[in-house]
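**Student:** Next comes the sequence, and after it the predicted model I'd like to discuss.
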Amino acid sequence: MRPRVVLPLVGFLLLPLLPSSALAQAEPPPERIINLLVYGDDPCPQSQGDDIVVCARKPEAERYRIPKKLREKPAVSGGPGWGSQVATMEQTQRQTLPNSCNAIGSNGFTGCTAQMLQQWFAERRMQESAGEP
């Protein structure tokens with residue numbers, strides 16, 4: 001006999017040796033599966049017939065809250081925006097420009113008086129808004 005004919009015949013002869021559970025078809029799944037969230041001390045509903053009821057219990061404080069997945073902000077992709085990078089660069093370079101009030105650069109001292117006046121006006125506005133003399 002040829003090898004092509006022998007292999008299917010051997011497989012056919014070994015078929016009765018397989019367990020009967022492998023030959024039997026699986027039972028159909030239950031009619032319905034119900035997934036529920038139960039809050040606080042609320043009872044979980046009883047299953048009826050072939051229904052399967054799965055309950056997850058949450059604390060009472062979570063009943064009227066937005067789900068946690070929707071509360072979380074997604075991570076920013078791509079790093080910081082172009083505008084914030086420009087603002088950081090301007091703030092870093094501002095130390096060496098005139099009117100900056102620091103010891104770095106040739107004109108760093110020129111902004112000290114302006115900065116003191118801005119602070120004084122801000123303090124006055126705070127006192128007036130708080131009703132203090």
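**Tutor:** Cool, the structure landed.

**Student:** For the rest of this, base every contact and every neighbour count on C-alpha atoms.
**Tutor:** Will do.

**Student:** what pairs with residue 35 across the strands?
**Tutor:** residue 54 (DSSP bridges).

**Student:** That one and residue 61: what is the separation?
**Tutor:** 20 Å (Cα to Cα, to the nearest Å).

**Student:** Residue 111 now?
**Tutor:** Counting by Cα to Cα, the separation of residue 111 from residue 61 is 54 Å.

**Student:** quick one: which of the two has more around it?
**Tutor:** Under the criterion of other Cα atoms under 10 Å, the comparison of residue 111 against residue 61 puts residue 111 first, with 15 against 9.

**Student:** Would you map out the domains in this structure?
**Tutor:** Per the TED database, the structural domains of the chain span 32-70, 82-130.

**Student:** Flag whichever of those domains has the least confidence on average.
**Tutor:** Averaged per stretch, pLDDT over the domains of the chain is lowest on domain 82-130, reaching a mean of 80.

**Student:** Start and end of that one, how far apart?
**Tutor:** Start and end residues of domain 82-130 are separated by 38 Å (Cα to Cα).

**Student:** hey, which helix is longest across this protein?
**Tutor:** With secondary structure taken from DSSP state H, the chain has its longest helix at helix 112-130.

**Student:** same for that helix, what does it pack against?
**Tutor:** Applying 3 or more Cα pairs under 8 Å, 6 or more residues apart in numbering; DSSP states H and E, one finds that helix 112-130 contacts no other helix or strand.

**Student:** how many neighbours does residue 94 have?
**Tutor:** Quick note: residue 94 (other Cα under 10 Å) scores 15 neighbours.

**Student:** Nothing else from me, thank you.
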